[in-house]
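Visitor: Everything below, folded, please.
(4 chains)
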Amino acid sequence: MTPSLEKDDLARLVAADIPEGAYVNLGIGQPTSIARYLKPDSGVILHTENGMLGMGEVVPAEEADRDLTNAGKQPVTELPGAAYFHHADSFAMMRGGHLDVCVMGAFQVSADGDLANWHTGAPDAIPAVGGAMDLAVGAKEVWVMMTLFTRTGAPKLVPACTYPLTGKACVTRVYTDVATFLLTPDGVRVRDTHGIGRDELATRLDVPLL
Amino acid sequence: MTPSLEKDDLARLVAADIPEGAYVNLGIGQPTSIARYLKPDSGVILHTENGMLGMGEVVPAEEADRDLTNAGKQPVTELPGAAYFHHADSFAMMRGGHLDVCVMGAFQVSADGDLANWHTGAPDAIPAVGGAMDLAVGAKEVWVMMTLFTRTGAPKLVPACTYPLTGKACVTRVYTDVATFLLTPDGVRVRDTHGIGRDELATRLDVPLL
Amino acid sequence: MKTQVTDALTAVKEIADGDTVLVGGFGMAGMPVELIDALIEHGAGDLTIVSNNAGNGDTGLAALIAAGRVRKMVCSFPRQADSWHFDGMYRAGKIELELVPQGNLAERMRAAGAGIGAFYCPTGVGTPIAEGRETRIIDGREYVLEYPIHGDVALIRAHVADRLGNLVYRKTARNFGPVMATAAKLTIAQVSRIAEIGELDPENIVTPSIYVNRLVEVPL
Amino acid sequence: MKTQVTDALTAVKEIADGDTVLVGGFGMAGMPVELIDALIEHGAGDLTIVSNNAGNGDTGLAALIAAGRVRKMVCSFPRQADSWHFDGMYRAGKIELELVPQGNLAERMRAAGAGIGAFYCPTGVGTPIAEGRETRIIDGREYVLEYPIHGDVALIRAHVADRLGNLVYRKTARNFGPVMATAAKLTIAQVSRIAEIGELDPENIVTPSIYVNRLVEVPL
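Guide: Presented below is the predicted three-dimensional model:
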């Protein structure tokens, strides 16, 4: 049995699944690292919601241009063929269904694709949503990248989200450290597993698996 | 008594009333000629709904650039400080109330500022509205420039329009060959007359005059 | 997905009978004449055409109308001195007309491209355009509810593209092109020149490549 | 009307207690720090601030919040590693928060600038953001009704202006500036340089001068 995936391996797995020439938004945090594993000849073009297509890599602070950041406010580069636009145009692009794929992190995903990734529901938390809800309703494919279990072992792929939703029935794939799930009209299909058997997976999740 | 105004005199009169630095849209037809009488140092900036601020003069066919026209599809020039934008942005500018003044022709204007200038209502006419309705609701001031009477002597400033409307309660001034009218909350005020006495004006119009 | 560079006839080959085609241009400025010629040669009919005008003279959109391929025109200003092909078809009852104020035409396509379901617009309130339509008072002002206009295909003309499909336009020929590019499932742009990637300044791109599926180079 | 070129303190002098101020920037990129400094010096309070974030570090918007001038923040992403001034005020119950998804924030200001009364937006359907809000099914999809956000004043930062007030931006510092400029009664732009009229290419203007009332030059 292969071991469970380290973060970089997971990013590499997602990167390999992104179609050639796709327009892609990589969410704040872990999904940002997917960019490192895209092949230079893939023609994949990265969108950042703060107004750019053709975004390049995250660069160290000493190379930073303060006018050029990703959605996580990290300094990035500009690739040849890039284009800048303002926020209303950027979100029109997202909401209008023009992005092929977006990849986001999540607290929970439900079997029918509901996404919860902006708020734990804790009463003292300061809520912040950013562009997550816009991506959830807008991208043609919404992929989630996360660990399958919390630190206490609770599954994050669930029959119904208990955290406040980001979007309903929007997620089509869930990439985790131990398995990749395709959320299909027929149900949740396990595409591959890493360091866990399908039987154990079925036992530890409350979601029926195909 | 001064004579009634020729078309060019009327255009000159309107031009003189446009405030310095105003952003102005001049409608198709007669209002277009107002541009000729704007003082070069007035700082007035002309908008054309097909996507430009800083439009210059109409030029003869031999100087035409087919990519640079006014809303009447006549070739025009570009002035220093001009800006181009697409149609949705151009009409957002109009609808959003950013133009200081627009000047349009009219079939009829009512005493409370209703405008009719797009359709005679004739059953065999092919209707065409262009940007007139957008200007009527959008510009801060809507001025009309027209002859006060039809060729058969019927007044075009009326108690209520009989032609289909372009916009409701939008016109604030009516410049005609024989008089200028200010449409105020108190009623229709005659500002100046040309070749006609105020008494005769009052007799020939069905609209109470202040 | 990757923008294809192709010839005009190949570019238009999937346009099907009954499609809604958004056609750029304000009069002749920005009209993709060679793409329309290819559409005529291709042969699709029963089309709904969304364009500001209903053809000028005998070329471009006017030729498509003259060829009897247009079932319905959605436009703001059909009647012009040189719109004789449309005028004849219209008076003969052979073409349907949906008259839309120019700004609504632009904004309804913008809504289609931006994922907006509908919007309240002040234009046309109290006029025949608003008759029988849903209206609403918001903050004391009356608005008409307007719905998006989606295209199956957009045929537009730009000035220069790069090989990725980024577009810049020239002067007032920009007009409806950038909006239509966002509102159609398939956008085909005719350009005067295709530049190398990196040649166009990223600050000056008007239509980002994401909105452009096919490029056809037609030198001036 | 003509755009004025002035200093920062003069530019902000009419901002009044209780005003709604749109503040450009995404984090620090595009934030008009010197205009905000002038607003702090000017002294207006009880402000509603519309901005993507709720301040970063100790400068710009964060300093305005720290000075106790903000009654309410309308933003998409207040909570950040360096939003300590907002966090403190919020937990102390001294500042109100209206959380708006980032795209709705942009589109609602765009609607204000474009004369749209309201629009149906799919974002947030089925989430707490949509609770108690008016929704509507259009073509089988559910939308939430969203209203414009108008500003009394917009404080934005651009790269270069010409003396007429035309603006160009730099890279992702463009962000909310062009939208906010359209949505406020008074738009004040801080720019790195003021160019002569005619120096900027008309094809490349991002914010036309009609949207800009005052310019303040703050060299980098």
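Visitor: Nearest residue to residue C:67 in space, please, no chain neighbours.
Guide: Among residues not flanking residue C:67 along the chain, residue C:40 sits closest, at 5.3 Å (C-beta to C-beta, 6 or more residues apart in numbering or on different chains). Backbone N, C-alpha and C define where each C-beta goes, glycine included.
Visitor: Sort out which residues of the host helix or strand of that neighbour are buried, please.
Guide: Following DSSP states H and E, one finds residue C:40 within helix C:33-42. For helix C:33-42, burial by neighbour count (16 or more other C-beta atoms under 10 Å in any protein chain shown) applies to C:33, C:34, C:35, C:36, C:37, C:38, C:39, C:40, C:42.
Visitor: if we can go back for a sec, quick check: the residue nearest to residue C:67 touching residue C:63?
Guide: Yes. When contacts are counted by C-beta atoms under 8 Å, residue C:40 is listed as touching residue C:63 (6.1 Å).
Visitor: Residues of chain C that sit close to chain A?
Guide: Counting by C-beta under 8 Å from any C-beta of the partner chain, the positions of chain C adjacent to chain A are C:1-2, C:110, C:112-116, C:162-164, C:166, C:182, C:197-198, C:200, C:202-203, C:205, C:208-211.
Visitor: could you flag which of the residues you listed are buried?
Guide: Among the residues of chain C next to chain A, those classed as buried by 16+ other C-beta under 10 Å are C:110, C:112-116, C:162-164, C:166, C:182, C:200, C:202-203, C:205, C:208-211.
Visitor: restrict these to those near chain D?
Guide: For chain D, the contacts drawn from these by C-beta under 8 Å from any C-beta are C:114, C:115, C:116, C:202, C:203.
Visitor: Let's have those residues in a markdown table, adding pLDDT and secondary structure.
Guide: Below are these laid out as a markdown table (pLDDT from 0 to 100; DSSP: H, G, I helix; E, B strand; the rest coil):
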| residue | pLDDT | secondary structure |
| --- | --- | --- |
| C:114 | 98 | helix |
| C:115 | 98 | coil |
| C:116 | 98 | coil |
| C:202 | 98 | helix |
| C:203 | 98 | helix |
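Visitor: Stretch C:190-205 close to chain B?
Guide: No. Shown here: stretch C:190-205 not in contact with chain B (C-beta under 8 Å from any C-beta), separated by at least 10.3 Å.
Visitor: can you dump the C-alpha coordinates of that stretch into PDB?
Guide: Coordinates of each C-alpha in stretch C:190-205 appear next as PDB, following Å, rounded to 0.1, in the frame of the first residue of the first chain:
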ATOM      1  CA  GLN C 190     -11.300  38.700 -36.400                       C
ATOM      2  CA  VAL C 191      -8.100  40.700 -36.000                       C
ATOM      3  CA  SER C 192      -5.700  42.600 -38.200                       C
ATOM      4  CA  ARG C 193      -2.700  41.000 -36.800                       C
ATOM      5  CA  ILE C 194      -1.700  38.200 -34.400                       C
ATOM      6  CA  ALA C 195       1.200  39.200 -32.200                       C
ATOM      7  CA  GLU C 196       3.600  37.000 -30.300                       C
ATOM      8  CA  ILE C 197       2.900  36.300 -26.600                       C
ATOM      9  CA  GLY C 198       4.300  39.100 -24.500                       C
ATOM     10  CA  GLU C 199       4.100  41.700 -27.200                       C
ATOM     11  CA  LEU C 200       1.000  43.300 -25.800                       C
ATOM     12  CA  ASP C 201       1.300  45.200 -22.500                       C
ATOM     13  CA  PRO C 202      -0.600  43.400 -19.800                       C
ATOM     14  CA  GLU C 203      -1.900  46.800 -18.500                       C
ATOM     15  CA  ASN C 204      -3.600  47.500 -21.900                       C
ATOM     16  CA  ILE C 205      -5.400  44.300 -22.700                       C
END
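Visitor: can you pull the pLDDT of the closest residue to chain D within chain A?
Guide: Of all residues in chain A, residue A:91 sits closest to chain D, at 3.2 Å by C-beta to the nearest C-beta. Per-residue confidence (pLDDT) for residue A:91: 98.
Visitor: is it true that it touches residue A:131?
Guide: Yes. With contact defined as C-beta under 8 Å, residue A:91 reaches residue A:131; the gap is 7.2 Å.
Visitor: ranges for the helices of chain A?
Guide: In chain A, the helices defined using DSSP state H lie at A:7-17, A:87-95, A:132-138, A:198-204.
Visitor: List the buried residues for stretch A:181-191?
Guide: Buried residues in stretch A:181-191, defined by neighbour count with 16+ other C-beta under 10 Å: A:181, A:183, A:188.
Visitor: Out of the helices of chain A, which gets nearest to residue A:43?
Guide: When those are compared by C-beta to C-beta, helix A:7-17 sits nearest residue A:43, at 13.2 Å.
Visitor: Flag every buried residue along the longest strand anywhere in chain A.
Guide: For chain A, the strand reaching the highest residue count under DSSP state E is reported as strand A:76-84. Buried positions in strand A:76-84, judged by neighbour count with 16+ other C-beta under 10 Å: A:76, A:78, A:79, A:81, A:82, A:83, A:84.
Visitor: Quick check: the last one vs residue A:90, distance?
Guide: Put plainly, it is residue A:84. For residue A:84, the distance to residue A:90 (C-beta to C-beta, to the nearest Å) stands at 9 Å.
Visitor: who touches both of these two?
Guide: Listed as contacting both residue A:84 and residue A:90 by C-beta atoms under 8 Å, 6 or more residues apart in numbering or on different chains are A:51, A:52.
Visitor: re earlier: right, and the helices of chain A - which one's nearest chain C?
Guide: helix A:87-95 (3.4 Å).
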